[in-house]
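Q: compute the structure for the input listed below.
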Amino acid sequence: MNRSLYAPFVVALGVDIMCLVLINFISSPILFAGNSIAIVQDHDPDDLSSPRTSQDDTPLLAATQSPLNGHRDKVTLRNSLSRSVESIANAYVLFNHSTSRFCLAAYFLKRIAFASEGFMFQYASEKFSWPLHQTTWLRVSQACGAITATLIVCPLLTFYLSKRGVPSRIIDLSMIRSALLILMVSFFSAWQAPSAILFTLFMIGCGLGEGLEPSLQGLVTYIVNTKQTFMLFTILAACDTVAELIGGPLTAALLHKGRKPGHASDGFCFLNSSIIFGFLLLYSFLIKAKR
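A: Next up, the predicted model:
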């Protein structure tokens, strides 16, 4: 390769720094507003003494010695316990609903299945004798499919079907099934691809399946109520994290199968992805998008 191996890391670091700077400019008004609110609420409505100031420390000392503090601590403890019980109840409701169970399982398993995309460069380089720097075209093809699905196909279909009176939950469920079918066929075809050109085309199909995630989000937010939304996205984030830890080593082990001197990998990681998406496709026909 003619370029430095450190160049991508330098570009990524530069992008991260730009994002941090932009976030700082965007969130500055919010931070100032939060500080002003905190200053206003610094005065305790239960304290009948004069307003607290930095020059007068006597009211603060009196407040810390007030017998009302013990009552406040008990109230705070009861509120914490009630919030914990409410969180457990919300989690139970989430796992007790068949559609939410499917969405949680799909979030977890799709992350494991998509891990094989991270090894497509190494696989193509080994099997089709591509120079490693040319395998970036695989990422370009996959990104083209993802952009087509998430920015063109899904929004247009949603708009068209909504205008015809189709409920949003039916649209989301239909898109989920379509994306799972595309992903199952594309990953299986990538596993059987006889040439680099066909392998690249099948990666476009894998990119088209990226419409799965926004459809899952739309369906699961329809199922749960507003109070459970925070718990929902917390669990989804945990599913993503755990799946990342499992998907990488599992996919690497499957990619190693069949590899020996003079013989490239058999690419069982792509077959594994196809099986996972096929299982989720069958699972999706066992649920009904109802609250």
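Q: got any ranges where the chain has weak pLDDT?
A: Applying pLDDT under 70 to the predicted model, the residue ranges of the chain that meet it are 1-5, 26-97, 225-228, 260, 262, 289-291.
Q: quick one, helices of it?
A: Under the criterion DSSP state H, the chain carries helices at the ranges 7-40, 58-64, 68-96, 98-114, 120-127, 136-147, 154-163, 168-192, 196-208, 212-223, 229-256, 268-284.
Q: could those go into CSV alongside mean neighbour count?
A: The C-beta positions use only the backbone N, C-alpha and C, and glycine is treated the same way. Formatted as CSV, the entries for the helices of the chain read as follows, by neighbours: other CB atoms under 10 Å:
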stretch, mean neighbour count
helix 7-40, 10
helix 58-64, 12
helix 68-96, 12
helix 98-114, 21
helix 120-127, 20
helix 136-147, 17
helix 154-163, 14
helix 168-192, 21
helix 196-208, 21
helix 212-223, 20
helix 229-256, 16
helix 268-284, 21
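Q: could I get the contacting residues of residue 190?
A: Remark: with contacts taken as CB atoms under 8 Å, 6 or more residues apart in numbering, residue 190 is in contact with 120, 199, 202, 203, 206, 267, 270.
Q: the fourth one against residue 142, yeah?
A: Yes: taking CB atoms under 8 Å as the contact criterion, residue 203 and residue 142 are neighbours in contact, 4.7 Å apart.
Q: overlap of the contact sets of the two?
A: With contacts defined as CB under 8 Å, 6+ apart, the residues shared by residue 203 and residue 142 are 117, 120.
Q: would CSV of the contacts of residue 190 with distance to residue 114 be doable?
A: Output for these, formatted as CSV (distance: CB to CB, whole Å):
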residue, distance to residue 114
120, 11
199, 17
202, 14
203, 12
206, 8
267, 15
270, 11
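Q: between these, which is nearest residue 159?
A: Taking CB to CB as the measure, residue 159 lies nearest residue 206 of the contacts of residue 190, at 25.0 Å.
Q: and the residue nearest to residue 98 when sequence neighbours are not counted, how far is that from residue 121?
A: Sequence neighbours aside, residue 287 is the residue nearest to residue 98 in space, at 5.2 Å (criterion: CB to CB, 6 or more residues apart in numbering). Counting by CB to CB, to the nearest Å, the separation of residue 287 from residue 121 is 36 Å.
Q: likewise residue 20?
A: If you go by CB to CB, the gap between residue 20 and residue 121 works out to 29 Å.
Q: and if you look at residue 174?
A: Counting by CB to CB, the separation of residue 174 from residue 121 is 33 Å.
Q: wait, residue 115 touches residue 245, no?
A: No: with contact defined as CB under 8 Å, residue 115 does not reach residue 245; the gap is 10.4 Å.
Q: separation between residue 245 and residue 279?
A: The spacing between residue 245 and residue 279, counted by CB to CB, is 20 Å.
Q: next one: residue 241
A: Here residue 241 is placed at a distance of 22 Å from residue 279 (CB to CB).
Q: now stretch 264-278 - C-alpha only, PDB.
A: Backbone C-alpha positions of stretch 264-278 (Å, rounded to 0.1, in the frame of the first residue of the first chain) are rendered in PDB as follows:
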ATOM      1  CA  ALA A 264      -8.800 -19.600   1.800                       C
ATOM      2  CA  SER A 265     -11.500 -19.500   4.400                       C
ATOM      3  CA  ASP A 266     -14.700 -21.300   3.700                       C
ATOM      4  CA  GLY A 267     -16.700 -18.100   4.700                       C
ATOM      5  CA  PHE A 268     -19.000 -19.900   7.200                       C
ATOM      6  CA  CYS A 269     -19.400 -16.500   8.900                       C
ATOM      7  CA  PHE A 270     -21.700 -15.400   6.000                       C
ATOM      8  CA  LEU A 271     -23.600 -18.600   6.200                       C
ATOM      9  CA  ASN A 272     -24.100 -18.000   9.900                       C
ATOM     10  CA  SER A 273     -25.400 -14.500   9.200                       C
ATOM     11  CA  SER A 274     -27.900 -15.900   6.700                       C
ATOM     12  CA  ILE A 275     -29.100 -18.500   9.200                       C
ATOM     13  CA  ILE A 276     -29.600 -15.900  11.900                       C
ATOM     14  CA  PHE A 277     -31.600 -13.600   9.600                       C
ATOM     15  CA  GLY A 278     -33.600 -16.600   8.300                       C
END
